[in-house]
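>>> Structure for the following, please:
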Amino acid sequence: MKLDEQVVIEATIEDIIYQNAENGYTVCTIDYDGEEISCVGDMLGIYSGEDVKIIGSWVTHHIYGKQLKVKMFERSMPKTVQGMEKYLASGVIKGIGAKTARKIVKHFGLDTFKIIEEEPLVLSQVTGISRKKAAEIGEVFHAQYELRRAMLFLQEYNITPTYAIKIYKHYKEKTMDIVKNTPYRLVEDIFGIGFKKADEIAYKVGIAKDDPHRIKAGVLYILSSFSANGHTYMPRALLITESMQLLNVHEDYVENGIIELNLTKQIIIKNYDIHENGIPMTCVFATSLYYSEQGVARKLIDLAALYQKEGPKDIEQELQMTEKELEIELVDEQREAVKHVLSNGVTVITGGPGTGKTTTINAILHMLGKAGEEVLLTAPTGRAAKRMSEATGIEAQTMHRLLEINYVREDSNRQMFNKNEESPLEADVIIVDEMSMVDIILMHALLKAIMPGQRLVLIGDADQLPSVGAGNVLKDIIKSNKIPVIRLMQIFRQASESAIIMNAHRINKGEYPVSNEEGTDFFFIKKSAQEEVRDTIIELITTRLPKYQGFDKLKDIQVLVPMRKGPIGVNELNRAIQAAINPYNELKLEKEYRGIIFREGDKVMQIKNNYNTPWKIYSKLGMPIDEGVGIFNGDCGLITMINKETELLTITFDDQKVVEYEFSQLDELELAYAVTIHKSQGSEYLAVIIPIHSGPPMLLNRNLLYTAITRAKKLVVGVGLKETLERMVDNNKEIERYSSLAMHLKQLL
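Coordinates of the predicted model:
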């Protein structure tokens, strides 16, 4: 028995030690050459007495010793009366224990399973089994039979047990029929299965290259991929070209697929003069995104037009009193912002770092409070909401929590909220911070819960990167010139003393940042080779920055990276930093998943919205004090425990939410010692390190650099090539994001 050597073993399952019904993780024993062997792996639905063929490898557990790690398995029903009796007594059918199993097998012998499958009511001949009980036994046995068939069927298509379990849990007895006839449904229904895997299955089951289902699935996949990159629509010509390349079919097939999808309302096609040059464009939308942009435009216009209440009669006197009571002095643009909020239905306030957005919010809150108006504060992420609470002294909630995200079906990727048109938010004024992060779907959900007569205040930095999700909400609202926008431009004295803030504004104006001056909080370390950049970053995290200002290497320092791939991309940097600050330790458990090692103590990030994941917050004494559901793209935390027996990984997030992940859910996580600049939006870190070396111009631009720098509170360190830094400042070409909210606002007005 050589370790890691792949073996094929045929045996009978002796005993089930543990089985997780959710993800299929199983610990069982088999008799192998007279020796009792432990097997571990995904073996959903197996029971004692079943005959199995196992493909796996020998491993040594640090506590339990030698084990057979199961990669694939095939099963067959027991063929002996002893095996049948053991199978029925294993608990496979509720209500049948060892005694009843013995009586059934004694009565029917080798025909036992045939009777249960084909004529279950005959079981009532056995003493103690009623006709009702006999029917129930037949139903459960049939369900187990369907599960076995489905798992065997899915293994034929090289679907791993983890995904086979997800597929079966979603489709149940329809699994084989759906996978055979409409395999492209897997792309939409099963997270982690992409078009290429579904296409591979389709090829094996004999679906033709030009099959209409394949064409439509490919078009929807391209459109969905485009939406995942932030776009709300796709130019029709580009959609056709991309689909032809993916599907390797003639243009006519793609055209027909697009027409049919449009007829069935799976997509929306519109001809718009959407660009400033006035050239008409045929735009193809995912249906939900089209109606979201249209809905947001309509609601903003209604909120702005239908608000009639006047502000305080002597607003200047009220402003002066507020300045005196808060011991502040507002500049003209801040005063304008306050006045506008008090008298209008919708107000946008935008400005860069150090321009007094927080002071303006506090003045607004003070005056609204004196007027007896109820205010709700919200932001798109937990970190942003927490910062808002700290800055104002008033509780701010995430938008998902404010809207009361609801339990949704486990097989659904849609977000649902209790707060909507039928149950709107109860407040006079709703203030949203970090608006640049809000995507069109979330904005639509928020506006559904706000009624005409209520006021909406949108605050954000329009020069930040747009949202991770689809849409360009803040920029489109400003671009439309249909909603009042107050721009805060003046940099205040205290902020002007920070090189971080001053350099952010310099970069925004196309000027190069100033670094390495005495007493500065902005440094640049020149390194030519990418390996030198990597090694310098690790040195900064492990020794230099902790010594410099006592920064905690896990909590206070964040590496922000322009791109994912390459020697100093997110993936490689995460491996290098993990090895440096949280290396292998026999006292720390770890789990490898798709090439990533997750280890106790690791810093990790959630990379998809999961609206069903339950969380709890515990007191210092370990008592639960709050609970809810929903973990969202960009949430970060630390792995506090890994349990290989229960196949659970526990994370404590930055907002103290504690979540247990099944191993089958680890595709929702990645290491977060280094994260992309896009993923850092809405977050603030005491110290930020930015590798700046080489890469495509579309990624290395001014907007990206500005966003990275403004994430830092106390220190920025750039490492790499100064000429690349300067090229980023010079490159003011942002990646074009196709969105139509501005156009909808203009059309409706």
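>>> pretty sure Thr542 is in contact with Asn582, am I right?
No: applying C-beta atoms under 8 Å as the test, Thr542 and Asn582 come out as separate, 11.0 Å apart. Bear in mind the C-beta positions are built from the backbone N, C-alpha and C, glycine included.
>>> what about the two, which has more around it?
Asn582 (22 against 15; other C-beta atoms under 10 Å).
>>> thought that one was touching Ile597?
No: at 9.8 Å, Asn582 does not count as touching Ile597 under the criterion of C-beta under 8 Å.
>>> ok, Val432 - contacts?
Counting by C-beta atoms under 8 Å, 6 or more residues apart in numbering, Val432 touches 378-379, 399, 438, 446, 456-459.
>>> Among these, which ones are in helices?
Within the contacts of Val432, residues falling in helices by DSSP state H are 399, 446.
>>> which of the contacts of Val432 lies closest to His107?
Met399 (62.7 Å; C-beta to C-beta).
>>> list the contacts for the closest residue to Thr398 other than its chain neighbours?
Distances taken as C-beta to C-beta, 6 or more residues apart in numbering put Ala385 closest to Thr398, at 5.0 Å, once the chain neighbours are dropped. Residues counted as contacts of Ala385 (C-beta under 8 Å, 6+ apart) are 377-379, 396-398, 433.
>>> Any buried residues in the one helix or strand Ala385 maps to, and which?
Taking DSSP states H and E as the criterion, Ala385 maps to helix 382-392. Judged by neighbour count using 16 or more other C-beta atoms under 10 Å, the buried positions of helix 382-392 are 382-388, 391-392.
>>> now those residues as a markdown table including distance to Lys106 and pLDDT?
Formatted as a markdown table, these follow (distance: C-beta to C-beta, whole Å; pLDDT from 0 to 100):
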| residue | distance to Lys106 | pLDDT |
| --- | --- | --- |
| Gly382 | 61 | 81 |
| Arg383 | 65 | 80 |
| Ala384 | 68 | 86 |
| Ala385 | 66 | 88 |
| Lys386 | 66 | 85 |
| Arg387 | 71 | 87 |
| Met388 | 71 | 92 |
| Ala391 | 76 | 91 |
| Thr392 | 76 | 93 |
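>>> quick one: which of those residues is nearest Pro624?
Gly382 (18.0 Å).
>>> Need the three-state assignment for the nearest residue to that closest one once chain neighbours are set aside.
In space, Gly382 comes closest to Asp655 once its chain neighbours are excluded; the distance is 4.1 Å by C-beta to C-beta, 6+ apart. Recorded secondary structure, Asp655: coil (DSSP: H, G, I helix; E, B strand; the rest coil).
>>> right, and Asp655 touches Ala379 too?
No: in this structure Asp655 lies outside contact range of Ala379 using C-beta under 8 Å: 12.0 Å.
>>> so where's the longest strand in the chain?
strand 6-19 (DSSP state E).
>>> after that one, next one along is what?
Using DSSP H and E, the helix or strand that follows strand 6-19 towards the C-terminus is strand 25-32.
>>> Okay, now the sheet partners of that following strand, with direction.
strand 6-19 (antiparallel), strand 35-42 (antiparallel) (DSSP bridges).
>>> Could you look over those and pick the most buried one?
strand 35-42 (a mean of 18; mean count of other C-beta atoms under 10 Å).
>>> Can you tell me what sits against it?
Here strand 35-42 makes contact (C-beta under 8 Å, 6+ apart) with 14, 17, 23-31, 54, 56, 64-71, 73, 160-162, 164-165, 664.
>>> Going through those residues, which ones are buried?
Among the contacts of strand 35-42, those buried by neighbour count (16+ other C-beta under 10 Å) are 14, 23-30, 54, 56, 67-70, 73, 161-162, 164-165, 664.
>>> following the helix or strand bottoming out on mean pLDDT in the chain, which helix or strand comes up?
None of the helices or strands of the chain scores lower by mean pLDDT, DSSP states H and E than helix 493-496, at a mean of 68. Next helix or strand after helix 493-496 toward the C-terminus (DSSP H and E): helix 499-508.
>>> Send over that following helix as PDB, restricted to the C-alpha atoms.
Taking Å, rounded to 0.1, in the frame of the first residue of the first chain, the C-alpha atoms of helix 499-508 are listed here in PDB:
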ATOM      1  CA  ALA A 499       0.100  63.000   1.300                       C
ATOM      2  CA  ILE A 500      -2.400  60.200   0.600                       C
ATOM      3  CA  ILE A 501      -5.300  62.600   0.100                       C
ATOM      4  CA  MET A 502      -3.200  65.200  -1.700                       C
ATOM      5  CA  ASN A 503      -1.800  62.500  -4.000                       C
ATOM      6  CA  ALA A 504      -5.200  61.100  -4.700                       C
ATOM      7  CA  HIS A 505      -6.300  64.500  -5.900                       C
ATOM      8  CA  ARG A 506      -3.100  65.000  -7.900                       C
ATOM      9  CA  ILE A 507      -3.600  61.700  -9.600                       C
ATOM     10  CA  ASN A 508      -7.300  62.600 -10.400                       C
END
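>>> after it, next one along is what?
Downstream of helix 499-508, the first helix or strand assigned by DSSP H and E is strand 522-526.
>>> What are the buried residues along that following strand?
522-525.
>>> One more: stretch 288-297?
Residues 288-290, 292-297 are the ones in stretch 288-297 that count as buried (16+ other C-beta under 10 Å).
>>> Go through these and name the one nearest Glu668.
Out of these, the member with the shortest distance to Glu668 (by C-beta to C-beta) is Ser288, at 21.7 Å.
>>> Show me where the stretch 101-250 of the chain has its strands.
233-235 (DSSP state E, counting those that start in this stretch).
>>> Low-confidence stretches in it?
Residues of the stretch 101-250 of the chain that meet the criterion pLDDT under 70 lie in 148, 152, 161-162.
>>> Equivalent analysis for the stretch 301-450 of the chain, please.
For the stretch 301-450 of the chain (pLDDT under 70), the answer is 309-312, 407-414.
>>> Strands along that one, start to end?
346-351, 375-379, 396-398, 429-432.
>>> ok, and what's touching the longest one?
What it means is strand 346-351. So strand 346-351 is contacted by 300, 303-304, 307, 337, 340-341, 357, 360, 435, 455-462, 474, 477-478, 483-489 (C-beta under 8 Å, 6+ apart).
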